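# Here you go, sequence then predicted model.
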Number of protein chains: 2
Amino acid sequence: MLDVTWELATRKGLSAVTMRAVAQELDVNPMTLYRHVGDKQGLLDGLVERLLLEIEVPEPSADWREQLSLLARSMRAMARRHPDLFLLLFQRPAVTPEAVGPRNAVYDALRAAGLPEERIPRAERLLSTFMLGFAASEAGGRFRDGDPDGDMAFAEELIVQVLAGA
Amino acid sequence: MLDVTWELATRKGLSAVTMRAVAQELDVNPMTLYRHVGDKQGLLDGLVERLLLEIEVPEPSADWREQLSLLARSMRAMARRHPDLFLLLFQRPAVTPEAVGPRNAVYDALRAAGLPEERIPRAERLLSTFMLGFAASEAGGRFRDGDPDGDMAFAEELIVQVLAGA
DNA sequence: ACCTGAACACCGTTCAAGT
DNA sequence: ACCTGAACACCGTTCAAGT
């Protein structure tokens, strides 16, 4: 069911994801969905989980600068593919099981940058918050007529600089 | 009309803002709204404009660190008051007329920090993006069980450090 | 020309009737 | 006990009928 819902969201956008539309896609009575999902919110939760799992995570063996760069790129790409769904990330706790992939990827990069272990969790929260905000802004159109690539390149320089001098 | 809509959004949340509910609040036929607003999206646009205007902006005469701190605080407060509406900021260009207040406030602070004029626009975009992401995360519950005040205090230290050494 | 009620094409969810 | 169709209480918006 989640597969079909995800496919529907990808193909026609989040606004097309309704109980009734998903049910029709499955050739099933709308009420039948409630056996699997409890709620419309449950359906959306599943979609956000899936989005987190679809974010591509870099090799931990790569240069840490490259790790961060790749991670930022894949988050931005995911946001562009699912702009409305991406916004829901702000409404879910960052500590769900599906969130460990991306979080560990940031942990690995920060560790590789030489950041002391005790500073990593906070640094990850701040860095991820920035990346999320940036990707959401770009995908949502807040940067209209701007230069997101240039802005992100500059942000990466700054981040590398701060991490190198920490 | 916008006053009543804003009041409704504040009192009962964004999901209670429907054409029909606003019309009822005004003791008017739902169709009458279309004379003033064209669209439901138009109603929401008005709400986001108002939200931007409601963000409290610091005195430009204060210490620049204090300016940034106050601005962050008022953005976070606004996000907590209107969590769903706040998310819509990501879906609107940052260059609307109502956005100049907050943007100029950041400009002023960066100028006071001694940042060269030509670097200010990009710095403002990155800084505002972080603040927006942070405020949205906190208000939306992404930081559940976290320590947003501590995280923000640390972020401010970092920002001051970067700006001082620029 | 302007306004607006009824109507259309949807929603998510409850609940009672059917098996 | 399980399942589900009809029904309920909503939506945003169109459009034709009324003034």
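Yep, it's here.

# tell me the contacts of the residue nearest to residue A:82 when sequence neighbours are not counted?
Distance criterion C-beta to C-beta, 6 or more residues apart in numbering or on different chains; nearest residue to residue A:82, sequence neighbours excluded, is residue A:51 at 6.0 Å. Heads up, the C-betas are built off the backbone N, CA and C, glycines and all. Residues counted as contacts of residue A:51 (C-beta atoms under 8 Å, 6 or more residues apart in numbering or on different chains) are A:78, A:82, A:85, A:86, A:89.

# Show me which of these are buried.
A:78, A:82, A:85, A:86, A:89 (16 or more other C-beta atoms under 10 Å in any protein chain shown).

# any idea how far residue A:164 lies from residue B:123?
Residue A:164 sits 20 Å away from residue B:123, going by C-beta to C-beta, to the nearest Å.

# Tell me which of those two has more neighbours.
More crowded of residue A:164 and residue B:123, by other C-beta atoms under 10 Å in any protein chain shown: residue B:123, with 23 against 11.

# Quick check: phi and psi on that one?
Per-residue torsions, residue B:123: phi -60, psi -40 (degrees, to the nearest 10).

# Quick check: it vs DNA strand D, distance?
Taking C-beta to the nearest atom of the strand, to the nearest Å as the measure, residue B:123 falls 38 Å from DNA strand D.

# Please name the nearest non-neighbouring residue to that residue.
residue B:110 (5.5 Å).

# Is that neighbour in contact with residue B:120, as I believe?
Yes - at 5.0 Å, residue B:110 counts as touching residue B:120 under the criterion of C-beta atoms under 8 Å.

# I'd like to know how many residues surround residue A:99.
20.

# re earlier: I'd like the buried ones among the contacts of residue A:51 as JSON lines, with pLDDT and distance to residue B:130 appended.
Below are the buried ones among the contacts of residue A:51 laid out as JSON lines (pLDDT from 0 to 100; distance: C-beta to C-beta, whole Å):
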{"residue": "A:78", "pLDDT": "98", "distance to residue B:130": "19"}
{"residue": "A:82", "pLDDT": "97", "distance to residue B:130": "22"}
{"residue": "A:85", "pLDDT": "97", "distance to residue B:130": "22"}
{"residue": "A:86", "pLDDT": "98", "distance to residue B:130": "17"}
{"residue": "A:89", "pLDDT": "98", "distance to residue B:130": "16"}
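
# Name the residues that touch the helix or strand containing residue A:159?
Assessed by DSSP states H and E, residue A:159 sits inside helix A:148-164. Residues from elsewhere that reach helix A:148-164 (C-beta under 8 Å, 6+ apart): A:64-65, A:68-69, A:72, A:76, A:110, A:113-115, A:127, A:130, A:134, A:138, A:143, B:122, B:125-126, B:158, B:161-162.

# Return the subset of those residues lying in helices.
Among those, the members found in helices (DSSP state H) are A:64-65, A:68-69, A:72, A:76, A:110, A:127, A:130, A:134, A:138, B:122, B:125-126, B:158, B:161-162.

# Weed out the non-buried ones from the contacts of helix A:148-164.
Buried by 16+ other C-beta under 10 Å: A:64-65, A:68-69, A:72, A:76, A:110, A:113, A:115, A:127, A:130, A:134, A:138, A:143, B:125-126, B:162, out of the contacts of helix A:148-164.

# Any idea which helix or strand in chain A has the lowest mean pLDDT?
helix A:33-37 (a mean of 92; mean pLDDT, DSSP states H and E).

# Can I get that one in CSV, CA atoms only?
Extracted in CSV, the C-alpha atoms of helix A:33-37 (Å, rounded to 0.1, in the frame of the first residue of the first chain):
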residue,chain,number,x,y,z
LEU,A,33,-7.4,1.4,4.2
TYR,A,34,-8.3,1.9,7.8
ARG,A,35,-7.3,-1.6,8.6
HIS,A,36,-3.7,-0.9,7.6
VAL,A,37,-3.2,2.7,8.5
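
# domains of chain A?
The record assigns chain A these domain ranges, following automatic domain parsing: A:2-38, A:56-165.

# Tell me which of those lies nearest to residue B:18.
domain A:2-38 (15.5 Å; C-beta to C-beta).

# near DNA strand C at all, that closest one?
Yes - figure legend: domain A:2-38 in contact with DNA strand C (C-beta under 7 Å from any atom of the strand); contacting residues A:17, A:18, A:19, A:20, A:21, A:30, A:31, A:34.

# Show me which residues of that domain are buried.
Residues A:5, A:6, A:8, A:9, A:14, A:17, A:21, A:22, A:23, A:26, A:33, A:37 are the ones in domain A:2-38 that count as buried (16+ other C-beta under 10 Å).
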